[in-house]
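Visitor: What follows is a predicted protein model with its sequence.
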2 protein chains.
Amino acid sequence: MAYEKTVEGQIRREAKSGGGGYGGSAPAKAAGDKTAVRRILDQVRAEGRDALTAPEGKLVCDAYGIAVPKEGVAATAADAAKLAQDMGFPVVLKIVSPEILHKTEAGGVLVGLRSAAEVERGFVTIMANAAKHNPQARLLGVQVQQMIGGGQEVIIGAVTDPSFGKLVAFGLGGILVEVLKDVTFRLAPLAQGEALSMLDSIQAAEVLKGVRGAEPVDRAALSAMIERVSQLIADFPEIAEMDLNPVFASAKGAVAADVRIVVDFAPQPERFRPSQDEIVRQMNRIMRPATVAVIGASSEDRKIGNSVMKNLINGGYQGKIYPIHPKADEIMGCKAYKSVLDVPGDIDVAVFAIPAKLVAQALVEVGKKGIPGAVLIPSGFAETGNVEGQTELVRIARQYNIRLMGPNIYGFYYTPKNLCATFCTAYDVKGKAALSSQSGGIGMAIIGFSRSAGMGVSAIVGLGNKSDIDEDDLLTFFEQDENTEIIAQHFEDLKDGRSFAEVARRVSKKKPVVVLKAGRTSLGARAASSHTGALAGNDKIYDDVFKQAGVIRARSLRDLLEFARGIPKLPTPQGENVVIITGAGGSGVLLSDACVDNGLSLMTMPADLDAAFRKFIPPFGAAGNPVDITGGEPPATYANTIRLGLEDPRIHAIILGYWHTIITPPMVFAKLVIEVKEEMKAKGIEKPIVASLAGDVEVEEAAEYLYRHGVPSYAYSTEIPVAVLGAKYKWARGAGLI
Amino acid sequence: MAYEKTVEGQIRREAKSGGGGYGGSAPAKAAGDKTAVRRILDQVRAEGRDALTAPEGKLVCDAYGIAVPKEGVAATAADAAKLAQDMGFPVVLKIVSPEILHKTEAGGVLVGLRSAAEVERGFVTIMANAAKHNPQARLLGVQVQQMIGGGQEVIIGAVTDPSFGKLVAFGLGGILVEVLKDVTFRLAPLAQGEALSMLDSIQAAEVLKGVRGAEPVDRAALSAMIERVSQLIADFPEIAEMDLNPVFASAKGAVAADVRIVVDFAPQPERFRPSQDEIVRQMNRIMRPATVAVIGASSEDRKIGNSVMKNLINGGYQGKIYPIHPKADEIMGCKAYKSVLDVPGDIDVAVFAIPAKLVAQALVEVGKKGIPGAVLIPSGFAETGNVEGQTELVRIARQYNIRLMGPNIYGFYYTPKNLCATFCTAYDVKGKAALSSQSGGIGMAIIGFSRSAGMGVSAIVGLGNKSDIDEDDLLTFFEQDENTEIIAQHFEDLKDGRSFAEVARRVSKKKPVVVLKAGRTSLGARAASSHTGALAGNDKIYDDVFKQAGVIRARSLRDLLEFARGIPKLPTPQGENVVIITGAGGSGVLLSDACVDNGLSLMTMPADLDAAFRKFIPPFGAAGNPVDITGGEPPATYANTIRLGLEDPRIHAIILGYWHTIITPPMVFAKLVIEVKEEMKAKGIEKPIVASLAGDVEVEEAAEYLYRHGVPSYAYSTEIPVAVLGAKYKWARGAGLI
């Protein structure tokens, strides 16, 4: 008799200690019988299969404490009845015979048997049917299986993403979710608490809490099952995809009614991954070099090597510049060399401005010279189909321990060093935002916007083909760069999403990380052998992983730019209570809409605070939240209410809605806001303030003044200032600061 | 025996002719037995009830051909078996006894009976149980009811919205939809085809088409049921809410398993609604007056009456201006009068700039003078709680047939007449966009943005408290105003949503109507007695009705403004094929994302067209769509590809992604685009073109140049130009132009 264990036992079985957790947090507790699983997988590999059979799948589940329906094989009718009685009714009976593959056709399946008597009769019926169907068949007995159902159908699964590696998935089962794709992903293995967070991350999360009189599901059992799947795929990377579908979750526990496991024994390619210290050491020399070589420097106008030299010199770079040119003795006042090997002393970074076909040879010289970084402006590599040429550069780089930026880039800017290592125009508005882009066009948009909006930046970096240096290298550098307070990145893909997520999770605790992931809607169809695999819209994975890593996702280029500009201006809020103070009721309504859109909580105004606001506003104005001071009010009304908003410790952030009047003109408003803000700052009070300005064109000047003085402000827009505040809040929450 | 009719018969019963359809389209066919329903409702009213009993609900459904489960009452076991056999198994049996209310407790209910024998046995069991339960009970027999189930659960319902009146609702049934609120609404009665469109308007529409091997539902039966509900509530306005929930829809038809009908016999207040001709006549005198009186005109600086006079005069208004003042003889060079009654000749409109308390008396004089319109700038009415004062104004207006704009507004602008009837600054950038706002603050934002962006406007109108003139009056005026090509409106509510929808549906066929509905997220909880009522998030109704009426909904103030600015610049596309031509691959990806976000179709490039594009671009460029011409190309490459895009008749709209280079500087690009556009225009080819410009600040000037010449263009944004094109497409589709 093969009867194995009770579901209760499986669910409640205490886990031993888990493996290494993700991202440094405490790992979720879940440990399984690795030996048992290894044995099964070895068998599958030996037989050259790429999927487990259903019984193998169940054994794997058993080994990791994932509850599956109870079952056993009975040789007699009495045995069958006893088994059924032990596991509880209803049960399913199935003939067990190596010769009978299509059990239903053979009359070898009965479902929904509800009593011992029915089971006994059923046993006899099935055996007779089978014997009649195939008189030669060996009848080994009848399988008795617990019939699962009721509760809520959910799906738990796992996929292997080319960029992110192992991910666990959770969603509601059934037709609707298949259609609505209401599923959530996390990098595996999960950290403590993450499995539970998945239950709240689906659109229909409310269903699990019990609706229409249904009991809430056993969240502990469900999240434990997710954790076990997470641990299983972390322990056995050869498990490529996995489906527990459906899992029946009820108030009493969770049981996986069906298991599907797909394997892939091909070894995963190792990725080059220097240590954090090594990255920092090399990136610091590249980004803040004392000496720069320009390979392909030129005196000829309109040549890239000329533009780079001009930008270095005119940008005000104070380090040493070494033009490298096969013939010239001097370029733009700098002594030129034939090769970097001829340059006396150390070189920190070499900027390449030569045609693609000459890059490899020059890169060898860079390596021999011991230069730690090469900025590869030239195009003509992977982006034009020349993958081999690019691979060759990477090979050389690994040989000589050179880090490569590019190829196919505009170069980079690092303003604290007045460094414009690029063929674009020089850029000089210094500040605390570090931006990067995968694409040159977007890089130019960053430069134009930054200059136009007066957004101070610490760095703008082009990553292009990302043959080597990528987003996580930049994150690692900017993390420790004292000139950077926010990191904003545009990219179309992540070569190593897992590294990015790990680094971003660490960095975003210290500095906001904003990303614009392009290509989010061109998902295409991914080949997938499992149900979970098919559900995995690539973009949804990015979405969930960004959240898991505390990364703020911008939905548009303009949002990326506005967030980079606005977030560092704002102090970190100390709590969730947002108050709108507005001179225009209409703006108040739109600002409230924007608060909901951006996940901000409009504070429910306490009676005493309401009364305090009312003292300053006309009787027909509205306190509550928004505080509507009405349109015809003098500067004092704005000043008094803003001061009150800043002073009261229950309020954590303020959104201003200004309405242009002759009584309080735009610049008068702007200056009073800053005065009150400074007055409060002197008392040690700093809260985020953003403003929406409605009025004639003079409000543009007022908005600029406010922005310059630390209040992100926008003319003719109610949504952008609130989105900026919302992004700051997202970061603060992700970093655990509120 | 009360057996009534077959479900098949109910579903297939041919409808007779319907009542008056909504909005001028052919009405959906559905007619019912009004007499039967009238009889039931009279009974309900007589008994002072506000809901129908379940049997009454079924009778109403029968009268309108809405399929409900077949049922009948049997007096004997044989009768019961016969009934069951006729209606088909399985069936439910229920005791019928006036003395037994809780049938289940009495052992008086049996479900899932599957054969005549089971039914006969069941009859005996139930009768015995009931007799035992209450020996005194009169046992009238056993109700035999068809047991419905299987197929897809859906909900069909109706609600009465305070603004929109009768609406039908459709959604998927079950827990998930209750949680996800996946439901769609339409104004009732439905026009031909609208019921069918509802089946496609829910998120999970795919479910109805059959997923996971399920058969598609009978769409004809389902939409017929929606139409019958629509007709029923149109025929009987006292039906306030209605639920058919669940309706089981399968390949074989649709049956409503449960019916709930809530009634409200209170008469609906009549709304003042002049004829379209009358509205046009009066609005034309108000908006394009030959003579204007300013009640409360003043020579004193900073007085509203002074600002209005200044704006009229300095704005360049060429009509006659009559200042009205109790004492002055002359104000700002215009002869003043003590009352409008003293003015010789006709006055078209009176602008009020006097305190609230003086308005009523002056309005009586306006009425006596026969002035058709009053622009009520003063505040101090409903918005400050003075509802009575406002009601009094409306009473006077009705008495003298005056149309009121406001009160509590900034006034209005009508640029073709150089008319600035407002206390704000004068505005002079003429164009074809007519804008209005419910709020003064938003009005000021419109003015500021318009001036700053050089957006030409025909009118800007403040509607404030909307005591009389509202959005549909403006739509009716602008519809026939030859100076207006697009209408953009901000509002927080619609006093008469039904009128708005009816007028907007007509107007949007001729001119785009864009709205910003504020307050969309502050839904609050609405009291509702039915399930459908509770589902009716007010904003979802606005969303669906806007779509039904062909209205473009802006999601933000900036979108409203950009759509108003951009849409009239673009010719109407002749088809859905959009092509992106870009110098920056990175922009191409973001522009593609934006196309998906905005419902645009990226054309699948035919092989010959692909080859034709390839001729102009470098070998490593990418044809397909986006056409990536790569970054280093000269002006000719842009010109050639854009020309090809305009010339080929298979392409209907073009999105340009420009990348700033020294080879093709921004203004060179801008000028070549306009040259090619003009060249094609001379050949009779006009297609919408929008552009996204990535580059240093010079791209701002280029974007302005392009915009001025008919190509909506944006620096540093990939999403806004595509959103503008998307809005134009939404309009063209709604108006049936593509």
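Guide: Structure's in. What do you need? Residues are numbered from 1 along each chain as shown, chains lettered A, B, ... in the order given.
Visitor: May I have the phi/psi pair for A:Phe500?
Guide: Per-residue torsions, A:Phe500: phi -60, psi -50 (degrees, to the nearest 10).
Visitor: That one contacts A:Asp472, correct?
Guide: Yes. Taking CB atoms under 8 Å as the definition, A:Phe500 is a contact partner of A:Asp472 at 4.8 Å. Backbone N, C-alpha and C define where each C-beta goes, glycine included.
Visitor: who touches both of these two?
Guide: Common contacts of A:Phe500 and A:Asp472 (CB atoms under 8 Å, 6 or more residues apart in numbering or on different chains): none found.
Visitor: got the contact list for the residue nearest to A:Ala131 when sequence neighbours are not counted?
Guide: Leaving aside its chain neighbours, A:Ala131 sits nearest to A:Leu139 (6.6 Å; criterion: CB to CB, 6 or more residues apart in numbering or on different chains). Residues in contact with A:Leu139 (CB under 8 Å, 6+ apart) are A:95-97, A:127, A:130-131.
Visitor: so where does A:Leu139 fall, helix or strand?
Guide: Here A:Leu139 is covered by no helix or strand, with elements defined by DSSP states H and E.
Visitor: Check what pLDDT it gets.
Guide: The model reports A:Leu139 with a pLDDT of 92.
Visitor: ditto for A:Gly171
Guide: For A:Gly171, the model assigns a pLDDT of 93.
Visitor: ditto for the one 10 residues further on
Guide: The predicted local confidence for A:Lys181 comes out at a pLDDT of 83.
Visitor: same check, this time on A:Ile11
Guide: Confidence score, pLDDT, at A:Ile11: 31.
Visitor: quick revisit: quick one: buried ones out of the contacts of A:Leu139?
Guide: A:95-97, A:127, A:130 (16 or more other CB atoms under 10 Å in any protein chain shown).
Visitor: Compute the number of surrounding residues for A:Ala77.
Guide: 19 (other CB atoms under 10 Å in any protein chain shown).
Visitor: For it, give me its contacts.
Guide: A:119-121, A:123-124 are the contacts of A:Ala77 under CB under 8 Å, 6+ apart.
Visitor: most surrounded residue in the residues you listed?
Guide: That'd be A:Val119 among those, by other CB under 10 Å, with 28 neighbours.
Visitor: from the chain's centre, how far out does the host helix or strand of it sit?
Guide: Assigned by DSSP H and E, A:Val119 belongs to helix A:116-133. In terms of CA atoms, centre = their mean, to the nearest Å, the centre of helix A:116-133 is set 55 Å apart from its chain centre.
Visitor: Same question for stretch A:690-703.
Guide: 35 Å.
Visitor: and that stretch, does that touch chain B?
Guide: Yes. Legend: contact between stretch A:690-703 and chain B by CB under 8 Å from any CB of the partner chain is shown at A:694-700.
Visitor: For the residue nearest to A:Ala131, give its distance to chain B.
Guide: 31 Å (CB to the nearest CB, to the nearest Å).
Visitor: swap in A:Leu435?
Guide: From A:Leu435 to chain B the distance is 12 Å (CB to the nearest CB).
Visitor: What segments of the stretch 401-550 of chain A are strands?
Guide: Assigned by DSSP state E, counting those that start in this stretch, the strands in the stretch 401-550 of chain A fall at A:403-405, A:411-414, A:419-422, A:430-437, A:457-462, A:486-491, A:513-517.
Visitor: which helices and strands does the third one pack with?
Guide: For strand A:419-422, the elements it packs on are helix A:304-314, strand A:411-414, judged by 3 or more CB pairs under 8 Å, 6 or more residues apart in numbering or on different chains; DSSP states H and E.
Visitor: That concludes my questions; thank you for your assistance.
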